[in-house]
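1. Generate a structure from the sequence data that follows.
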Amino acid sequence: MSNRIIALMTDFGYKDPYVGVMKGVIKSINPDVEIVDLTHGINRHDIIEAAVVLMVSARYFPPGTIFVVVVDPGVGSNRRAIVVETSNYILVGPDNGCLSLLALKDGVKRVVDISNSRYRLGDVSHTFHGRDIFAPVAAWISRGIPLEAIGTEIPVDSLKTIRIEPPRISDDLIEGYALYIDIYGNVMTNINEDEACSILKLGDKVEIIHQGGKSQCVFTTSFSIVNPGEVACYINSWGYLEIAVNNGSAADVFGIIQGSRLFFKKLS
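-> Next up, the predicted model:
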């Protein structure tokens, strides 16, 4: 299937040539493959952020897409390099949990260890497996090489996983935490739409309790509904409860970082 898409996600940024070199390796093996940059702005070494971004983004790609994730603070250690085949996708990257949220959500069919794959580059460095293992393996898969030839199948339950902790919900209170913070400082929580709407309805006044204190806002449809500088909470485009400040950064205003505990109390 040489017409497959390879989607790249890394924490490399663009200052260094790492992303471009990975693309060069892929195109050297399969000149016809389409490469999509999902993002190269994952916070450095942030495995959880990578897992969340991959999980919420994948459904907008066609079945058969190959996702290559290189957020790999353990590169050069004894962590495995793997390919995960799910119901709809192929995931290539380190076995550190960054592939696991999507893998578990989509359904794992098999996991293959590619640490010693014959489809690696000839010289494998200790510090750039994105170039030397993940990129060439993904390119060969896109050319139709079957997974059984790519590496050694390993037990599915040996996949290193991370999980999203479910919120705690009572009569008028939801306890959650900051799952992801985007470039605007909007704070996405671990509370999904069904969980949020089990307590809140549009127009409700909500008290948000955070490490910096308490704030009040309205449960609405978008941050643009409130005045500039005001707080809103709403269901974001990924289907999770989010906090934002119109024309501002909720993360900065409230001192929220990934993992910060948050309480949403219905006032009316």
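2. For residue 34, which non-adjacent residue is closest in space?
-> residue 5 (5.0 Å; C-beta to C-beta, 6 or more residues apart in numbering). The way it works is simple: take the backbone N, C-alpha and C, and place the C-beta from them, glycine included.
3. any chance you could map the strands in the stretch 1-150 of the chain?
-> Ranges of strands in the stretch 1-150 of the chain, per DSSP state E, counting those that start in this stretch, are 5-10, 34-39, 66-70, 81-86, 90-94, 108-113.
4. So for the last one, mean pLDDT?
-> Which is strand 108-113. Averaged across strand 108-113, pLDDT comes to 98.
5. Repeat that for the fourth one.
-> The average pLDDT within strand 81-86 is 98.
6. Low-confidence bits of the stretch 51-200 of the chain, can you list those?
-> Across the stretch 51-200 of the chain, nothing is flagged by pLDDT under 70.
7. if we can go back for a sec, just send the strands of the stretch 1-150 of the chain back as a markdown table, with mean neighbour count and distance to residue 180 too.
-> Shown next, in a markdown table, are the strands of the stretch 1-150 of the chain (neighbours: other C-beta atoms under 10 Å; distance: least, C-beta to C-beta, whole Å):
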| stretch | mean neighbour count | distance to residue 180 |
| --- | --- | --- |
| strand 5-10 | 22 | 14 |
| strand 34-39 | 16 | 12 |
| strand 66-70 | 26 | 15 |
| strand 81-86 | 23 | 21 |
| strand 90-94 | 26 | 18 |
| strand 108-113 | 19 | 23 |
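8. With respect to residue 127, which of these lies nearest?
-> strand 66-70 (11.6 Å; C-beta to C-beta).
9. Report the buried residues of stretch 109-127.
-> Across stretch 109-127, burial judged by 16 or more other C-beta atoms under 10 Å covers 111-115, 117, 119-121, 124.
10. Can you say which two of these are spatially most distant?
-> Largest pairwise distance in those, by C-beta to C-beta, is 22.1 Å, between 111 and 121.
11. Endpoints of stretch 143-163, how far apart?
-> 33 Å (C-alpha to C-alpha, to the nearest Å).
12. now for the top strand by length along the chain, which elements pack on it?
-> The strand that spans the most residues within the chain, counting by DSSP state E, is strand 173-181. For strand 173-181, the packing partners by 3 or more C-beta pairs under 8 Å, 6 or more residues apart in numbering; DSSP states H and E come out as helix 47-57, strand 168-169, strand 187-192, strand 240-245, strand 261-266.
13. Let me know the next secondary structure element after the fourth one.
-> To tie it back to what came earlier, the one meant is strand 240-245. helix 250-254 (DSSP states H and E).
14. in that next one, what counts as buried?
-> Those buried within helix 250-254 under the rule 16+ other C-beta under 10 Å are 250-251, 253-254.
15. Those into CSV, with extra columns for pLDDT?
-> CSV is the format used below for the buried residues of helix 250-254 (pLDDT from 0 to 100):
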residue, pLDDT
250, 96
251, 96
253, 93
254, 94
